[in-house]
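Trainee: Sequence and predicted structure below; questions after.
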Amino acid sequence: MESLHRIKQHFAASIEAKQRTLDAMGPRIVQAAELLAERLRQGHKILVCGNGGSAADAQHFAAELVNRFEIERPGLAAIALTTDSSALTSIANDYAFEAVFARQVRALGRPGDVLLAISTSGDSPNMLTAIAAARELGLATVALTGRDGGRMARVLGEGDIELRVKATVTARIQEVHILLIHCLCDLVDERIFGRGLA
């Protein structure tokens, strides 16, 4: 029964983190989805990045847009900057690991595009340099963070949006990030195609 109790604690903590985040971030989630939908409608794209589990989340988000989420619709322009092992390793080898996303942002980003930066801590150097590169090029940033937002929260500029999970445990933050990603995908579909998740 000890194992079942631990599982119940995980579920309860996850539910609490989700509810607290909804209470604090609900209107901002809508604002972020409207930004993404507007830029996609204008023919721009979304560049997505993160490290570790957040790299998997970046790929998840891009896949939901390029393929589909819950409705049949044309693909939407999104690129996960975490997937090209040759680019990642060559940039890390020739420059530094902190440049692996920024260099791709500079190569692929165009004014009007959006950077979706995902980090549980908000302190990863390669995420901070990616946000700086996005700003230089005229990209808005939507940041998915946790805890106190880290250094990412402090470098975001006007027009950028932070969606901060109200939790301190990495697993809880990642669980809510997945929910935020699904909310964004659903609202983007609803804004662009007039319908989302039924």
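Mentor: That came through, no problem.
Trainee: From the contact counts, what lies against the helix or strand harbouring Leu47?
Mentor: Secondary-structure element containing Leu47, defined by DSSP states H and E: strand 46-50. Using 3 or more CB pairs under 8 Å, 6 or more residues apart in numbering; DSSP states H and E, the elements in contact with strand 46-50 are helix 2-41, helix 53-66, strand 78-80, helix 102-108, strand 114-118, helix 125-137. C-betas here are computed from N, CA, C, even on glycine.
Trainee: Direction included, what does it pair against?
Mentor: strand 78-80 (parallel), strand 114-118 (parallel) (DSSP bridges).
Trainee: Determine how far the longest one lies from the middle of the whole chain.
Mentor: How far strand 114-118 lies from its chain's middle: 5 Å, per CA atoms, centre = their mean, to the nearest Å.
Trainee: Just the buried positions in that strand, please.
Mentor: For strand 114-118, the neighbour count (16 or more other CB atoms under 10 Å) marks 114-118 as buried.
Trainee: average pLDDT across that strand?
Mentor: What strand 114-118 shows for mean pLDDT is 98.
Trainee: Next, the angle helix 2-41 makes with it.
Mentor: Calculated by axes from the mean of the first three to the mean of the last three CA atoms, to 10 degrees, strand 114-118 forms an angle of 170 degrees with helix 2-41.
Trainee: List the contacts of strand 114-118.
Mentor: 35-36, 39, 44-50, 54, 57-58, 61, 105, 109, 127, 130-131, 134, 139-144, 152, 177 (CB atoms under 8 Å, 6 or more residues apart in numbering).
Trainee: Stretch 160-179 too?
Mentor: Contacts of stretch 160-179 (CB under 8 Å, 6+ apart): 10, 13-14, 17-18, 20-21, 23-25, 28-29, 31-32, 35, 53-54, 57, 60, 118, 120, 131, 140-147, 149, 152-153, 156, 180.
Trainee: State the mean pLDDT of that stretch.
Mentor: Computed over stretch 160-179, the mean pLDDT rounds to 98.
Trainee: And for stretch 2-9?
Mentor: 95.
Trainee: that older thread, between the buried residues of strand 114-118, which is nearest Ala77?
Mentor: Ranked by distance to Ala77 (CB to CB), those are led by Val114 at 10.2 Å.
Trainee: Can you give me the distance of that closest one to Arg106?
Mentor: 15 Å (CB to CB, to the nearest Å).
Trainee: Skipping its backbone neighbours, what lies nearest Arg191 in space?
Mentor: Closest residue in space to Arg191, ignoring its immediate chain neighbours: Ala37 at 3.6 Å, by CB to CB, 6 or more residues apart in numbering.
Trainee: I'd guessed that neighbour sits against Cys185; true?
Mentor: No - using CB atoms under 8 Å, Ala37 is not in contact with Cys185, being 10.4 Å away.
Trainee: Sounds good, over and out.
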